[in-house]
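S.K.: need coordinates for the below:
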Amino acid sequence: MPASARVPERIHPLAVAARLVMLALVAALTLIATHDVGQLRWIALLLVAALPAIFCPDHRIAAPLGRFAEVAITGLAAGSVAAAADATGTVDAGFGAEAVLPYLAVPLLAAALRRRPTEGAALLGVAAVSMVVGGILVSDADGSKVITQPGYLAAGGQWLVLGAIITFAADTMRQLMAPVENKPQPYAEATRLLTQLRSVARSLPGATLDPGGISEHLLEELRAVAPGHRAAVLSASGGGRLVVLAQTGAERVDWEVTLDADSAIADAWASQQPHTASRSQARSHRGGDASSLVVPLVAGVRTIGLVILEADVANAYPSAVVARVTEVTGPAALRLEAALLFDDVRSLATNEERQRLAREIHDGVAQELVMVGYGIDNAQATLPEGADETAEELRTLRGEVTRVITELRLSLFELRSEVDRNGGLAAAIAEYARTLGTSAGLRVHFTFDESTARLPAATEAELLRIAQEAITNARKHAGASNLWVTCTVDPPYAEIEVTDDGKGFADDRPDGRYGLAIMAERAERIRGRLEIRPRHPSGTTVAVVLGTSARRDSVRDSVSAPEGE
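M.R.: Numbering: from 1, shown residues only. Here you go, the predicted model:
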């Protein structure tokens, strides 16, 4: 909106009607009390003073000035009407002011409804002063001032008290009369919503709330509506970037995932309207004719994602096609928002539980084991001479306690490890592999191929946990000298591979099957697959693969880290 533009004043019909009705009532009472048409001049002045309240009730200056004018005119009119009524003999001395004083309620109530108690107090003061002035300036039929008549003082005092009640008690009365809202407790409300979510999730196709699955189903629907060569569904992540939830096409596409770039993606996100372009939305494109359509996924007032459709022909998305596409994406936005919110809730709950477990282990079992170690040290120091056998047993026990404490510290490190928003998945896996390689004397070799695009946060977290389990198994049980860690990320594709040159995977190991089951469950949760195969001539390879194969034109960065690096 331009700086010079102003919001037009809004006339309140009920307020205008109330003022006009009160003016008509006061006019009728004045005529009845005075039988003098000339006294209606005060009603005319009140009508003029009420014009700001009628035509610009929200004006910062005119509206308050109009209310002050109404109060002053009403107070001055009270004396004149009281004198005229006394002259006719229709009303006892001074009580004729009752004909016009009811109008005081109008400006006072207007100020109270706008929550202006200071203005209300000032209006009462002006009313009192104007009634005194009006009573002094006018004399009755006997020649005495109206201000000296008990009836006039009683009428004025009565309406000043009523005005004070209106001014200072209106807000309190409004709060008392307002219905009491039964606000639920936060945890009770959360329980109710989560229970509903569980019931709804079980009734969905496949009983799942998976953003990737919903996105792939959406692309399948759009393929029948608007055929093209490439398509993708993107959603928001931290740092003003987008992540690829699903993608179709003959080749991988390096989509523009920043929202501050000059692209149809950024325009569609900001405007919440479909945008077409005569160029690809990929950062690397072979050239030639291309058409792209970017449709925002809007749930309520919030943009939660984008659908990108591209074809290698010109003008592939006329307005009719755009309309058909938006008919499909509209309902899909709500489904995708539900899945993303469910993912957020699950991630928050999982992270909180991991942090809680880490705190309990650190403050509980770990501290107690340290105290046991100190006790063994004290026992060794106080052994009598010649107790060589006992000393050897204590040294063995001390070494075992030290080993268990080291394992606990590594477990704490694993529980607290997270994928940094800026560092990425490969950096988190590399940090964990280096730490465990140091503890086991392993030589760790890294191979990274990570694009600038990111996977959804929940997917990155699951891939990190799978890699941690595979690295831990190799350190604990393989008896290996070397560890090869490969991380390839090209959303929505990803592959994490951990290979050791140890003795291979022993099926008879008690925790072997359990660890495999955990990794398989995690892979299934993100719609990936777990692969375990032997390495020649010795060792084991554990790999988790998400999506289809990556593009072949990427460049790999290989790093070999010596022991402890």
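
S.K.: from here on, contacts and neighbour counts on C-alpha atoms
M.R.: Will do.

S.K.: how close does the residue lying farthest from the centre of the chain sit to Ile471?
M.R.: Computed with Cα atoms, centre = their mean, the maximum C-alpha offset from the centroid of the chain is found at Asp142, amounting to 75.9 Å. Asp142 sits 111 Å away from Ile471, going by Cα to Cα, to the nearest Å.

S.K.: again, but for Pro107
M.R.: Using Cα to Cα, Pro107 is found at 79 Å from Ile471.

S.K.: check contacts around Ile308.
M.R.: Each residue near Ile308 by Cα atoms under 8 Å, 6 or more residues apart in numbering is listed here: 231-233, 292-295.

S.K.: now, among those residues, which is nearest to Val129?
M.R.: Of all the contacts of Ile308, Val295 has the smallest distance to Val129: 67.3 Å, by Cα to Cα.

S.K.: quick one: secondary structure of Lys497?
M.R.: Heads up, residue 497 is Glu, not Lys. Secondary structure, DSSP: H, G, I helix; E, B strand; the rest coil: Glu497 is strand.

S.K.: which ones are touching it?
M.R.: For Glu497, the contacting residues are 467, 484-487, 541-544, by Cα under 8 Å, 6+ apart.

S.K.: quick check: closest non-adjacent residue to it.
M.R.: Nearest residue to Glu497, sequence neighbours excluded (Cα to Cα, 6 or more residues apart in numbering): Ala543, at 4.2 Å.

S.K.: so what strands line up beside the host helix or strand of that neighbour?
M.R.: Assessed by DSSP states H and E, Ala543 sits inside strand 540-546. Here strand 540-546 is paired, per DSSP bridges, with strand 493-500 (antiparallel), strand 528-534 (antiparallel).

S.K.: buried residues in the shortest one?
M.R.: Right, the one you point to is strand 528-534. 528-530, 534 (16 or more other Cα atoms under 10 Å).

S.K.: export the residues you listed to CSV and tack on distance to Ala49?
M.R.: Converted to CSV, the buried residues of strand 528-534 look like this (distance: Cα to Cα, whole Å):
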residue, distance to Ala49
Gly528, 77
Arg529, 80
Leu530, 83
Pro534, 95
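
S.K.: for this structure, longest helix please?
M.R.: Identified as the longest helix of the chain according to DSSP state H is helix 319-361.

S.K.: so what secondary structure elements neighbour that helix?
M.R.: helix 211-225, strand 291-299, strand 302-311, helix 388-416, helix 457-473 (3 or more Cα pairs under 8 Å, 6 or more residues apart in numbering; DSSP states H and E).

S.K.: out of these, deepest packed?
M.R.: Ranked by mean neighbour count, the helices and strands packed on helix 319-361 are led by strand 291-299 with a mean of 26 (mean count of other Cα atoms under 10 Å).

S.K.: pull the distance from it to the chain's centre.
M.R.: Here the centre of strand 291-299 is set off from its chain's centre by 22 Å, with Cα atoms, centre = their mean, to the nearest Å.

S.K.: try stretch 521-528
M.R.: 28 Å.

S.K.: swap in stretch 528-540?
M.R.: 43 Å.

S.K.: with stretch 442-454 instead?
M.R.: For stretch 442-454, the distance to the chain centre is 33 Å (Cα atoms, centre = their mean).

S.K.: can you give me the buried ones in that stretch?
M.R.: 442-450, 453-454.

S.K.: who's in contact with the closest residue to Ser347 other than its chain neighbours?
M.R.: Nearest residue to Ser347, sequence neighbours excluded (Cα to Cα, 6+ apart): Ala458, at 6.3 Å. The neighbours of Ala458, taking Cα under 8 Å, 6+ apart as the test, are 343-344, 347.

S.K.: which pLDDT value goes with Ala458?
M.R.: With respect to pLDDT, Ala458 has a value of 78.

S.K.: now Gly373
M.R.: pLDDT at Gly373 comes out at 85.

S.K.: just the one 5 residues further on next, same as before
M.R.: Model confidence at Asn378, given as pLDDT, is 85.

S.K.: now it: phi and psi?
M.R.: phi -60, psi -40 (degrees, to the nearest 10).

S.K.: any idea how far Gly373 is from Tyr432?
M.R.: Gly373 is 27 Å from Tyr432, by Cα to Cα.

S.K.: quick one, what contacts Ile466?
M.R.: 519, 522-523, 544.

S.K.: tell me the one of the buried residues of strand 528-534 nearest Glu393?
M.R.: Pro534 (39.0 Å).

S.K.: isn't that closest one right next to Thr541, touching?
M.R.: Yes: the pair Pro534 and Thr541 qualifies as a contact (Cα atoms under 8 Å) at a distance of 5.9 Å.

S.K.: closest to Gly96 out of the contacts of Ile308?
M.R.: Closest to Gly96, out of all of the contacts of Ile308 and judged by Cα to Cα, is Val295, at 73.1 Å.

S.K.: ok, and the closest non-adjacent residue to that closest one?
M.R.: Here the nearest residue to Val295 in space, its sequence neighbours aside, is Pro274; by Cα to Cα, 6+ apart that works out to 4.4 Å.

S.K.: show me the contacts for that neighbour.
M.R.: Neighbouring residues of Pro274 by Cα under 8 Å, 6+ apart: 268, 293-296, 322.

S.K.: the same query, at a cut-off of 7 Å, please.
M.R.: Neighbour list for Pro274: 268, 294-296 [criterion: Cα atoms under 7 Å, 6 or more residues apart in numbering].

S.K.: that one and Gly66: what is the separation?
M.R.: From Pro274 across to Gly66, the span is 50 Å (Cα to Cα).

S.K.: and if you look at Val313?
M.R.: Distance of Val313 to Gly66, given as Cα to Cα: 68 Å.

S.K.: the two: which has the busier surroundings?
M.R.: Gly66 (21 against 16; other Cα atoms under 10 Å).
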